[in-house]
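Engineer: Coordinates for the following, if possible.
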Amino acid sequence: MLIKNINHITDKIGGILIVGEVENGQLHPIAEELLHKARELRLDDELIELCIINNKKVDVTRLYQRGMDICHQIISEELTAPMDTLWSDIFLEIIKVRQPKIVLFGATNFGRSIAPRLAAYCKTGLTADCTQLERGDDGDLIQIRPAFSDNLLAHIKTTTSPKMATVRYREFPQAEIISQKTVANVIEVTGNEKLCFLSLPVELVYTMEEDWKSKGAIKEFVIEESPLGKEDICEAQIIVAGGAAIKNQDDWKWLAELASEIGATLGASRALVDQGLASSQMQVGYSGNRVKAKLYIACGISGAPQHLAGMKDSSYIIAINKDPSAPIFQAADLGFVGDMYSLLPELIKAIKEKRNG
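Structural biologist: Residues are numbered from 1 along each chain as shown. Okay, the predicted model is just below:
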């Protein structure tokens, strides 16, 4: 075992487990969206639980106020960044002991890496990128996701347990406050106390076994950041996205300058990611990130269905493309027909003159 005294936590099993993600010491906001859906899905007295791993305790007060029953926090000073294999092993120990009926993940880079590993370990199915979740008359989870570039919705039922699904960020609203309680019943799990989940919410804090490093087989973990697309594009209010018109890294300079002038985040179509001209974090589309920006500027993007599926919910869309028949213009609120390398310098110049004038 990796977690100390994990086998001690066997009271009232079989609820809904949310696998949380911690970024820079903060819980990723998709956890509140998954909590909203978990409250809708809960049957009878099922408990809603959250599991997170970090190098120090994370403040989850907002989730207690929004209906979470139990938070499992696994703490070690050296657990500073996700290591997919180790993280999956730790989450698996929680799943084995708590035996949830449903396990929910965010469809972030973290969730998309952890979820299939856990599904394989549990020998169960996983439905990715769900846009809706329901409980059938028999209590089974119905997982709904778009297919064929959003042209139809697939309703999927998994015959094995637990039922696992990833959900795209900002697909559901955040859970509403139902209690002003700010303090949970915090228990340091030592194996000596007698646990009872009658007084909820409960926060269970675990430590790792002394020999967890040798069991995890981790020697070194290195994080490399891409020079482009460091911001979280799902959070961006303004996005400048490039498409197939970009042929090399130097072609990004006009888009980067425009983004700098208007406080935007850079995005990209799948073609650029496949060619290594953009990071996967920048990808907008059905197989990338779904964004809901206030302003989306598509530069040299034709408007393939898979890309439109990721940005069509943006409030205002501006398209620049030299092909007047490009599908992107059908989704755009404002379109410019022309070469983006001629239009962008003029647009940047006009923005600077407006600001200085």
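Engineer: which residue ends up closest to the midpoint of this structure in space?
Structural biologist: What sits nearest the mean C-alpha location of the chain, by C-alpha atoms, centre = their mean, is Thr108, with 2.8 Å.
Engineer: and that residue, what pLDDT?
Structural biologist: Thr108 carries a pLDDT value of 90.
Engineer: In this structure Leu181 contacts Gln65, no?
Structural biologist: You called it Leu, but residue 181 is Lys. Yes - using C-beta atoms under 8 Å, Lys181 is in contact with Gln65, at 6.4 Å. All C-beta atoms are positioned from the backbone trio N, CA, C, and that covers glycine.
Engineer: Comparing those two, which shows the higher neighbour count?
Structural biologist: Gln65 (17 against 11; other C-beta atoms under 10 Å).
Engineer: What's the local residue count around the closest residue to that one other than its chain neighbours?
Structural biologist: Of all residues beyond its chain neighbours, the one nearest Gln65 is Ile177 (5.0 Å), with distances taken as C-beta to C-beta, 6 or more residues apart in numbering. Neighbourhood size, Ile177 [other C-beta under 10 Å]: 10.
Engineer: Could you confirm Ile177 falls within a helix?
Structural biologist: No - using DSSP: H, G, I helix; E, B strand; the rest coil, the secondary structure at Ile177 is coil, not a helix.
Engineer: Buried residues, the lengthiest helix in the chain. List them.
Structural biologist: Looking across the chain with DSSP state H, the single longest helix is helix 340-356. By 16 or more other C-beta atoms under 10 Å, the buried positions in helix 340-356 come out as 340-341, 343-344, 347-348.
Engineer: Serialize the residues you listed to a markdown table and add fields for distance to Ser113 and pLDDT.
Structural biologist: Formatted as a markdown table, the buried residues of helix 340-356 follow (distance: C-beta to C-beta, whole Å; pLDDT from 0 to 100):
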| residue | distance to Ser113 | pLDDT |
| --- | --- | --- |
| Met340 | 34 | 94 |
| Tyr341 | 37 | 93 |
| Leu343 | 38 | 94 |
| Leu344 | 35 | 95 |
| Leu347 | 38 | 94 |
| Ile348 | 37 | 95 |
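Engineer: and which of these is nearest to Glu257?
Structural biologist: Ile348 (5.7 Å; C-beta to C-beta).
Engineer: Confirm for me that the closest one is in contact with Glu261.
Structural biologist: Yes - between Ile348 and Glu261 there is a contact under C-beta under 8 Å: 5.9 Å.
Engineer: Not counting residues beside it along the chain, what's closest to Ala271?
Structural biologist: Ala244 (4.9 Å).
Engineer: pretty sure the one you found is in contact with Arg270, am I right?
Structural biologist: No - counting by C-beta under 8 Å, Ala244 stays clear of Arg270, with 9.8 Å between them.
Engineer: With just CA atoms, put stretch 34-46 into PDB.
Structural biologist: Presented in PDB, the C-alpha positions along stretch 34-46 are these (Å, rounded to 0.1, in the frame of the first residue of the first chain):
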ATOM      1  CA  LEU A  34     -18.600  18.000 -11.200                       C
ATOM      2  CA  LEU A  35     -20.100  18.500  -7.700                       C
ATOM      3  CA  HIS A  36     -23.100  20.200  -9.200                       C
ATOM      4  CA  LYS A  37     -23.700  17.200 -11.400                       C
ATOM      5  CA  ALA A  38     -23.000  14.700  -8.600                       C
ATOM      6  CA  ARG A  39     -25.700  16.400  -6.500                       C
ATOM      7  CA  GLU A  40     -28.200  15.800  -9.400                       C
ATOM      8  CA  LEU A  41     -27.100  12.200  -9.800                       C
ATOM      9  CA  ARG A  42     -27.100  11.200  -6.200                       C
ATOM     10  CA  LEU A  43     -29.600   8.600  -5.200                       C
ATOM     11  CA  ASP A  44     -31.000   8.200  -1.600                       C
ATOM     12  CA  ASP A  45     -28.200   8.400   0.900                       C
ATOM     13  CA  GLU A  46     -25.200   8.100  -1.500                       C
END
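Engineer: where do the strands sit along the stretch 101-250 of the chain?
Structural biologist: With strands called from DSSP state E, counting those that start in this stretch, the stretch 101-250 of the chain shows them at 102-106, 126-130, 132-135, 141-147, 152-157, 163-167, 185-188, 202-207, 238-242.
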